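Novice: Output the structure for:
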Amino acid sequence: MPNVHIPIQAIKGRGISHQQPHRFLRDERAAFDDGWGALDAAAQSRDEAAPPATEVSWEDCKSAITKNDSPDVGFALGLNPYRGCEHGCVYCYARPTHSYLNLSPGLDFETKLIAKRNLAAVLRRELASPRHVPGLLAIGTVTDAYQPIERELKLTREALQVLAQAQHPLAIVTKGSGVERDVDILAPMAAQGLAAVYVTITTLDPKLARILEPRAAAPHRRLRILRTLSEAGIPVGVSVAPQIPFITEDMEQVLEAAWDAGARRAFYTVLRLPWELSPMFRQWLDQHYPERAMRVMARVQEMRGGKDYDADFAQRMRGSGIWAELIRQRFDKTCTRLGFNQERTPLKTELFRPQALRAQQELF
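Specialist: Have a look, this model is predicted:
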């Protein structure tokens, strides 16, 4: 990793402070002191520069629905309207996917976003296909479907309208308050057993959330999302993911607040640091929590068999070892005390109506 340090004031509203080189680059460049004050001049230039702006480019996707057969994931079908995510969560395991676009998993992931402009049309075609087998469709599990640009682009809303027309079951995972806008679609679907929403609340500490998830809704606002959707009759749950040793320390309080707001299901994962995410997270620790950085990474490695990350399906979500077991016990005991996960009603697939989409296609 290049030795780069950008002052916090120069990256307001961003999670990662540098353009992390991606793993497919042949050459990496690092700044060094040549004795002529070049580093000081570069630092001053960064201080005076405006914070990096968000750029959105369009993509015509070939497919809308992604499929996976991972044994540790509770769904087989996924849908993500955007590549990259403006929320800027420092821990996001999706950051390394930007490397496939020849972009940095660092600042580029937060500032250079790709929107799938034909998503709704492709989704309609795929759902209408006789080969499509309905199942739970998870929305926003890679990048958030309700990140700020959704307010104007409305790609997620267009996809929901197609799913509602076909009566296809869906579950949304989000940190964005924009999901409240689509209650008019989600509430009727929920009444038929076709929709559920999970809101990620990593911590209730607003100061921590501001540097951990800089452009996501504040913790108190996410609790209001749960309450709003629950009152509209939409089943809601909470994700307390990821759990980061010595950083996110209020899991029990988050679960209690989410229960009071109407959530009745909960899940968690521990911090995952694949590929380029590991050096980026280490630099974030050095920048924001230098006094505990070594201790945090020691516990992370303890849960990963001595490494920063292990992608083995058996333990990548929950980790292994004593520390991972402690997190599991805290989660399970709190959920049992509050009443989380006591009942589970699977979303319905038998109501799926692909003929509704085919009939509309025939008009064109």
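Novice: per-residue confidence averaged over stretch 158-169?
Specialist: For stretch 158-169, mean pLDDT rounds to 98.
Novice: now do stretch 282-299
Specialist: The average pLDDT within stretch 282-299 is 97.
Novice: What residues sit buried inside it?
Specialist: Neighbour-count burial for stretch 282-299, counted by 16 or more other CB atoms under 10 Å, picks out 282-285, 287-288, 293, 296-297, 299. C-betas here are computed from N, CA, C, even on glycine.
Novice: likewise stretch 342-362?
Specialist: Applying 16+ other CB under 10 Å to stretch 342-362 flags 347, 352, 354, 357-358 as buried.
Novice: Tabulate those (a markdown table), appending pLDDT, secondary structure and distance to Thr141.
Specialist: Listed next are the buried residues of stretch 342-362 as a markdown table, based on pLDDT from 0 to 100; DSSP: H, G, I helix; E, B strand; the rest coil; distance: CB to CB, whole Å:
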| residue | pLDDT | secondary structure | distance to Thr141 |
| --- | --- | --- | --- |
| Leu347 | 96 | coil | 15 |
| Phe352 | 98 | coil | 21 |
| Pro354 | 96 | helix | 23 |
| Leu357 | 94 | helix | 23 |
| Arg358 | 82 | helix | 28 |
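Novice: Closest to Arg330 out of these?
Specialist: Leu347 (28.7 Å; CB to CB).
Novice: so what's the residue nearest to the closest one when sequence neighbours are not counted up against?
Specialist: Using CB to CB, 6 or more residues apart in numbering and skipping the chain neighbours, the partner closest in space to Leu347 is Pro169 (3.7 Å). With CB atoms under 8 Å, 6 or more residues apart in numbering as the criterion, the residues that contact Pro169 are 134-137, 193-195, 347-349, 352.
Novice: From those, which land in strands?
Specialist: Using DSSP state E, 137, 195 are the members of the contacts of Pro169 that sit in strands.
Novice: if we can go back for a sec, any idea which of the buried residues of stretch 282-299 is closest to Ile211?
Specialist: His288 (5.5 Å).
Novice: List the buried residues for the helix of greatest length in the chain?
Specialist: The longest helix of the chain (DSSP state H) is helix 322-338. Across helix 322-338, burial judged by 16+ other CB under 10 Å covers 323-324, 327, 331, 334-335, 338.
Novice: Now pLDDT and distance to Phe75 too, for the residues you listed, in a markdown table please.
Specialist: Putting the buried residues of helix 322-338 into a markdown table (pLDDT from 0 to 100; distance: CB to CB, whole Å) gives the following:
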| residue | pLDDT | distance to Phe75 |
| --- | --- | --- |
| Trp323 | 97 | 28 |
| Ala324 | 97 | 23 |
| Ile327 | 98 | 23 |
| Phe331 | 98 | 20 |
| Thr334 | 98 | 25 |
| Cys335 | 98 | 20 |
| Leu338 | 98 | 25 |
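Novice: Is Ala266 in contact with Leu226, as I believe?
Specialist: No - using CB atoms under 8 Å, Ala266 is not in contact with Leu226; the gap is 11.1 Å.
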